[in-house]
Every structure is written in structure tokens, then in C-alpha cells.
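> Task: produce atomic coordinates for the following.
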Amino acid sequence: MNADEANTAVPAELEPGARRAGAAQAWPFSSEGDAALVLAAMSAAPDGILLVDRQGCIVTANTAMEEISGYSADELCGSPLGLLLPSPLREAHVQHFQSYFNAPSRRPMGMGRNLWIARKDGRLTPVDIALGYTEAQGGTAVAFVRDISAVRRLEAQMHFQATHDTLTGLVNRWQFGQQLEHAIAESTGSGQPFALLLLDLDDFKAVNDGYGHAAGDRVLLEVARRLKGALRPGDTLARLGGDEFTVLLPQVAHAQEVEAAAGRLLQALCQPYQMHGFELDSGASLGIAMCPRDAQDAATLLRYADMAMYHAKETGRAQYAFYEPRLGLRMAEKLQLHERLKLALGYDGLKLHYQPQVDVATGEIQAVEALLRWHDPQLGEVPPDRFIPVAEATGLILALGAWVLDAACQQIAAWVDAGTPLRVAINLSVQQLRQADLVEQIERSLARHGAPPGLLEVEVTETQAMADPVQARDVLCRLQALGVCIALDDFGTGHSSLAYLKQLPVSRIKIDREFVHPLLQSPEDAAFVQAIIVLAQTLKLHVVAEGVETAEQLGILAQYGCDAYQGWLFSRAVPAAHIAQLLRAQREAPSDEVSLRPE
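Numbers count the residues shown, from 1 in each chain. Model (predicted):
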């Protein structure tokens with residue numbers, strides 16, 4: 001609206017006069033009709049309207065302006081405009097106001113930022129203001145004032161939601177990243193170190209799986225509360241997602257300060273959680289990276305803290321660990337192993353070797369255990385204790401497990417075709433046991449190669465079976481119905497409930513090598529092995545002892561009634577072709593006249 005248009009917005013002749021009824025102003029009009037029309041429009045306007053003269057005094061204020069400011073029209077009219085301004089801005093506004101009258105211009109809504117009205121009760125109300133001007137009465141400014149409190153509240157809510165975790169109210173990953181970058185910049189400028197702590201709850205998946213996600217959310221809320229209670233006022237706590245939290249400890253002078261903070265956090269989380277009338281135990285593992293000692297960029301600091309956290313998990317959980325360069329070397333090795341192992345699935349670098357399980361009474365091979373071997377063109381022979389943990393940590397264990405299953409079924413079929421049928425045992429990882437389609441995978445692999453189900457045996461550890469007994473029993477019962485044999489591996493090393501153990505469809509248990517090795521060293525160890533064998537016999541289960549290396553060990557096992565054994569006394573794990581040689585030699589000559597050791 002230009003100046004001429006503005007002049008037509010109100011009557012041209014404005015003279016001081018008597019106050020009109022129902023109008024928040026003292027303003028005579030050229031006619032009663034004009035006055036009534038303008039006053040009605042101002043009263044109905046949703047925004048506040050102020051008319052201000054050149055001296056900065058309020059001439060007119062409408063009803064909406066009374067609501068916004070808390071002042072009545074009588075209090076506003078004749079008062080300086082500074083009445084509505086925050087105290088620190090009043091003096092500066094006088095000069096700004098005069099410059100506006102010297103060069104008046106129109107300003108629409110949305111052009112002002114951080115504008116506030118000082119209410120009568122002392123509170124500040126955020127507003128947006130549009131300005132107009134008329135030459136009437138020697139020059140009058142027209143201000144349209146809009147209360148944007150609701151908009152600001154919505155903006156604040158949206159900002160909070162964008163920067164905070166919706167469940168716990170803690171700072172979220174994005175906002176923490178901003179704060180971490182700021183902390184790095186401050187540390188670089190001041191030379192003052194800070195610590196980054198990364199914390200992960202131990203076995204939190206079991207809480208969600210066992211009690212439901214609602215229970216898991218309650219645990220996370222309690223975790224957030226405890227962590228906040230264990231930190232200093234200036235520390236930053238964030239939830240990165242899932243059960244992963246991070247802490248920024250600014251201005252730490254010594255590592256002992258960080259250790260003390262880490263200890264407080266872990267101690268707070270080690271206390272039991274009350275859940276539905278019972279106590280739930282949980283803990284956490286914590287990794288620490290220091291800036292600038294370890295790194296000076298956010299991505300590397302987080303990566304190093306993550307390495308340290310997983311190192312803490314590996315050393316027993318409910319622990320904390322500082323990042324060390326050797327952890328970086330280990331991670332680099334893991335990455336290399338992971339990449340080469342993925343390639344091995346395609347370049348035929350994987351092989352199965354087989355270790356015989358021998359009947360104690362007759363000395364005959366009654367089954368073999370399939371063990372995975374890997375020869376890499378760059379790395380050479382890589383032992384299982386190096387690559388299996390990497391496969392488990394990265395999820396590649398599922399692809400490896402599928403490969404082992406298929407190769408074992410293929411070998412079973414080959415031995416059947418050769419007239420030397422032999423049961424083959426394969427180890428299932430805990431991740432495989434949790435696969436929804438595991439039974440279907442095994443059924444398809446058996447059918448694809450024409451392998452009899454009764455010649456395939458799956459071994460699960462006692463710990464795996466007890467991690468989720470109901471799910472394990474369901475899967476194993478379905479495999480048994482398929483005709484597959486079930487063996488319980490590493491028996492005695494877990495925490496089985498015997499009442500539940502007898503419900504599992506297990507036909508064989510394997511005594512772990514850690515009980516066989518000290519068999520000759522103490523009566524207690526020997527008695528323990530004997531008790532396992534007696535228990536198995538009571539449950540009508542077949543017993544296989546692992547890791548038998550001496551004739552003396554075998555003699556004691558035979559005395560106790562052990563059914564079968566495997567170990568270096570008879571044979572290491574060997575290729576399938578060598579197993580065929582052993583079977584032929586066993587068939588063609590008396591067992592006491594033939595050396596069954598591999599070349």
C-alpha cells in the first residue's frame with residue numbers, strides 16, 4: 001500500500017475530540033457512519049492495531065491490542081509507545097521511531113524477527129508487526145501486532161523433537177553430534193581435553209524378547225534417569241538409539257576423573273530393575289576415547305569409543321575400557337577378515353574337514369564332526385578361532401552356516417553313494433538357531449542333495465539351548481520330526497535346568513574337552529565326568545567325550561561307560577578323502593592291526 005492508498009484507509013481530517021462509545025481510542029470522524037464502520041472493523045480485527053503519532057504516543061488501540069498487552073485502552077491511549085517495549089530497547093527505539101517518520105515505508109508481517117511486547121504483568125509476548133503510514137493528523141504510524149506465542153511454542157516443540165530422543169527426552173544423535181563438534185573446536189582452541197564415553201546395555205535384547213518392548217522402554221527410561229543422576233551438571237548425556245547412550249565429559253584434567261565417572265555410571269546401572277513385581281538384573285559396557293589424545297574429529301572419536309566399548313564386552317561385560325591403538329589394529333584385522341571371508345564364499349576357499357567320533361567299545365568310526373577350514377590366497381591358513389568370532393560379530397555367520405550345511409549334506413550323499421554311509425554332525429551358531437526358516441533351510445538342503453535326514457546331526461551348545469529354551473525346544477522338535485539327530489555340545493559348561501533339559505529332543509550329549517583334559521589330574525574332575533555319564537545314562541542319552549588325547553584318558557572313559565570319543569588320540573580333523581581311507585581300512589582289517597591315525 002503506497003502513501004496515497006494509506007491516506008484513504010482512515011478519514012482525512014483527524015481532530016482531537018471526545019471518546020466514542022465502544023472504541024478503544026479518542027478519535028472524531030467526519031461522520032457518524034464513517035466512525036462506526038472504522039471502529040467496528042478495528043474491534044473485529046484478530047490482530048492488535050495501534051495508531052502512533054510523531055511524538056511516539058499511542059493514539060488508538062483496539063480490543064485485540066488490549067488482550068495482547070494486558071493494558072486497557074484507557075491505559076494505552078496517550079501513553080508513550082515505550083510502555084510496550086522491553087526496558088533495554090526503549091531508548092534505542094526512540095531513535096528508530098524518528099527515523100521511520102523521516103522515511104516512512106510499509107513493512108508486511110514476517111519481516112520482523114525476535115520482536116517482543118512487554119505486557120502489563122511483566123511477561124514478554126513474542127509478536128510479529130506490520131507497519132503502515134498515513135499523512136493524516138500530521139503523520140500517523142499504523143502498527144498491526146500479531147501474537148505469535150502459539151507459533152513460538154510449536155517451533156520450540158518441533159526443535160525439541162528434532163534434537164531430542166522421543167522416549168527419554170535426552171539429546172539425540174544429531175544434536176549430540178553438533179555438541180561434539182563444538183566441544184572439539186573448544187578443545188582445539190584451549191588445549192583442554194575432554195572424554196567421550198559410549199555405553200551399551202548388556203543383553204538388552206533378552207529384555208525385549210522376554211518381557212516385551214514396553215518393558216524394554218521402561219528399562220531405557222530408568223537407565224536415562226540413573227545416568228543423569230550420576231553425571232555432573234555440565235556433562236552431556238545423549239541416547240544414540242536402541243540401548244546405546246553416550247556421554248561427553250568436558251574439561252577433564254586427569255584420566256582418573258574419567259575412570260571415576262565411568263565407575264559411577266556402571267555402578268548406577270548394575271542395580272536391579274523392578275519390573276512387574278520382580279527384579280531384573282542388567283548391566284552395561286562402556287568405551288572411552290579422549291580428545292585430543294586419541295583423535296580430533298567426531299567420527300574417529302565415536303569409532304574409537306565404540307572399539308573400546310566392544311573390547312569391554314569381550315573382557316567380561318559390566319566393564320569400561322579406554323581406547324588403545326592396538327584396538328584399532330584389531331579392528332582393521334577384523335575388517336580385513338570380514339572382507340576376505342565374504343570373498344571366500346565365492347572363490348571356493350572354504351573346506352570341511354571331519355573329525356571321527358569313535359565307539360569306545362569297538363574302536364569303529366560311528367560318526368564325524370564337520371569342522372570348517374579356510375585357506376586364503378593372501379592370508380594363508382586362517383584358524384577358526386580367528387574368523388568365526390568375526391563372522392558372528394558381523395552376521396556373516398549365517399552365510400557360513402548355510403554353506404556348511406549344504407556342503408555337509410552333499411558329503412553325506414556322496415558317502416551314501418559310495419556305500420559308506422556315515423552320520424555327519426554340524427555346529428549351529430546361536431544366530432542360526434534363531435532363524436525363523438532354519439528347519440526349512442535344512443529340509444531344502446537335504447532334499448537338494450538326496451541326503452538321508454537320519455545321517456545329519458546338528459549340535460547346539462548348552463548355553464544356546466538355555467538362552468531361549470522355548471524357542472530352542474520348538475526348533476529342535478521340528479528338526480527331530482524331520483528325522484535329523486540332535487546333540488547337546490559342551491555339556492557341563494552352561495547353566496542348564498535339568499528339568500528342562502530332559503524335555504529337549506536330544507539323543508546325544510558331548511562332554512567338553514575342558515573336563516576331559518584334567519581327567520587324570522584330580523579325583524574331583526574324574527568324579528565330575530563320571531557324574532555326567534551317569535546322568536546321561538539315566539536320561540538314556542548317548543555320550544561322546546571330546547578332546548581325548550591319551551590312552552589313559554580313554555581307559556578312564558571306558559571304565560565310566562562313555563559311549564564314544566573324538567580327539568587326537570584317534571585322528572585330527574581331516575579331509576573327506578582321508579575319512580574314506582579310514583573307513584576302508586576299518587572294513588578290511590581288524591581294528592587292532594590298523595593304524596587309524598592320519599598321515
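> for the residue positioned nearest the centre of the chain, what are its contacts?
Nearest to the mean C-alpha position of the chain, counting by CA atoms, centre = their mean, stands G242 at 3.4 Å. Neighbouring residues of G242 by CB atoms under 8 Å, 6 or more residues apart in numbering: F204. C-beta coordinates here come from the backbone N, C-alpha and C atoms, glycine included.
> and if you look at R232?
L249, A261.
> isn't there a strand covering it?
No - looking at R232 with DSSP: H, G, I helix; E, B strand; the rest coil, it is coil, so not inside a strand.
> Look up how far A261 lies from it.
Separation of R232 from A261 (CB to CB, to the nearest Å): 8 Å.
> can you list residues touching both of the two?
L249.
> Quick one: the helices in the stretch 351-500 of the chain, in order.
Along the stretch 351-500 of the chain, the stretches classed as helices by DSSP state H, counting those that start in this stretch are 384-394, 397-417, 430-433, 438-449, 462-467, 469-482, 498-501.
> closest one to V219 among these?
Between V219 and the helices of the stretch 351-500 of the chain, the tightest spacing by CB to CB is seen for helix 462-467, at 18.7 Å.
> could you say what helices and strands the closest one packs with?
Where contact means 3 or more CB pairs under 8 Å, 6 or more residues apart in numbering; DSSP states H and E, helix 462-467 is packed against helix 430-433, helix 469-482, strand 485-491.
> wait, which of these is closest to V360?
Proximity to V360 (CB to CB) singles out strand 485-491 among these, at 16.4 Å.
> returning to what we had before: let me have the helices of the stretch 351-500 of the chain in CSV, adding distance to I533 as columns.
Listed next are these as CSV, based on distance: least, CB to CB, whole Å:
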stretch, distance to I533
helix 384-394, 28
helix 397-417, 28
helix 430-433, 26
helix 438-449, 30
helix 462-467, 16
helix 469-482, 22
helix 498-501, 15
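> Using JSON lines, lay out these together with mean pLDDT, distance to D297 and mean neighbour count.
Below are the helices of the stretch 351-500 of the chain laid out as JSON lines (pLDDT from 0 to 100; distance: least, CB to CB, whole Å; neighbours: other CB atoms under 10 Å):
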{"stretch": "helix 384-394", "mean pLDDT": "87", "distance to D297": "25", "mean neighbour count": "16"}
{"stretch": "helix 397-417", "mean pLDDT": "95", "distance to D297": "32", "mean neighbour count": "19"}
{"stretch": "helix 430-433", "mean pLDDT": "88", "distance to D297": "34", "mean neighbour count": "19"}
{"stretch": "helix 438-449", "mean pLDDT": "96", "distance to D297": "43", "mean neighbour count": "17"}
{"stretch": "helix 462-467", "mean pLDDT": "74", "distance to D297": "39", "mean neighbour count": "20"}
{"stretch": "helix 469-482", "mean pLDDT": "90", "distance to D297": "43", "mean neighbour count": "16"}
{"stretch": "helix 498-501", "mean pLDDT": "63", "distance to D297": "51", "mean neighbour count": "12"}
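> A289 is nearest to which of the ones you listed?
helix 384-394 (19.8 Å).
> Outside of that closest one itself, list whatever touches it.
334, 337-338, 341, 371-374, 396-397, 400, 429, 431.
> same check, this time on stretch 480-490
With CB under 8 Å, 6+ apart as the test, stretch 480-490 has contacts from 423, 425, 427, 439, 442-443, 446, 452-454, 456-463, 465, 476, 479, 501, 504-510, 512, 544.
> Same list, the helices and strands packed on helix 462-467, but as JSON lines with distance to L39 please.
What follows is the helices and strands packed on helix 462-467, written out as JSON lines (distance: least, CB to CB, whole Å):
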{"stretch": "helix 430-433", "distance to L39": "78"}
{"stretch": "helix 469-482", "distance to L39": "78"}
{"stretch": "strand 485-491", "distance to L39": "92"}
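> For S43, find the nearest of those.
Proximity to S43, assessed across the helices and strands packed on helix 462-467 by CB to CB, is greatest for helix 469-482 (71.6 Å).
> Return the distance of the helix or strand hosting A150 from the chain's centre.
Remark: A150 resides in helix 149-163, with elements defined by DSSP states H and E. Relative to its chain's centre, helix 149-163 lies at 26 Å (CA atoms, centre = their mean, to the nearest Å).
> Following that helix in sequence, what is the next regular element?
helix 173-190.
> That next one - what's its average pLDDT?
For helix 173-190, the mean per-residue pLDDT is 93.
> just the angle between the helix or strand containing A344 and helix 397-417, please?
Following DSSP H and E, one finds A344 within helix 325-347. Here helix 325-347 runs at an angle of 40 degrees relative to helix 397-417 (axes from the mean of the first three to the mean of the last three CA atoms, to 10 degrees).
> Can you list the buried residues in helix 325-347?
Buried positions in helix 325-347, judged by neighbour count with 16 or more other CB atoms under 10 Å: L327, M331, K334, L337, H338, R340, L341, A344.
> helices or strands next to that helix in the packing?
helix 298-314, strand 365-376, helix 384-394, helix 397-417.
> one more time with 6 Å, if that's ok
Judged by 3 or more CB pairs under 6 Å, 6 or more residues apart in numbering; DSSP states H and E, helix 325-347 is in contact with helix 298-314, helix 384-394.
> sorry, back to before: could you say which one of the helices and strands packed on helix 462-467 comes nearest to P383?
Evaluated over those, closeness to P383 peaks at strand 485-491, with 18.7 Å, by CB to CB.
> follow-up on the earlier one: closest one of the buried residues of helix 325-347 to E155?
Closest to E155, out of all of the buried residues of helix 325-347 and judged by CB to CB, is M331, at 42.2 Å.
> So which residues make contact with the helix holding A344?
Helix 325-347 is contacted by residues M307, H311, L350, W374, D376, F387, V390, T394, L396, A399 when judged by CB atoms under 6 Å, 6 or more residues apart in numbering.
> for these, which one is nearest T362?
Set against T362, the nearest of those by CB to CB is L350 (33.2 Å).
> and stretch 48-61, how far out from the chain's middle?
59 Å.
> So for it, what gets flagged as buried?
For stretch 48-61, the neighbour count (16+ other CB under 10 Å) marks G48, I49, L50, L51, V52, D53, G56, C57, I58, V59, T60, A61 as buried.
> Burial check on L520, number of neighbours?
L520: 13 surrounding residues under other CB atoms under 10 Å.
> For it, give me the pLDDT.
pLDDT at L520 comes out at 79.
> ok, for it, nearest residue in space, not its chain neighbours?
Using CB to CB, 6 or more residues apart in numbering and skipping the chain neighbours, the partner closest in space to L520 is E552 (5.7 Å).
> Just checking, which helix or strand succeeds the strand or helix carrying the one you found along the chain?
Secondary structure from DSSP H and E places E552 in helix 551-560. As assigned by DSSP H and E, the chain's next helix or strand after helix 551-560 is strand 564-565.
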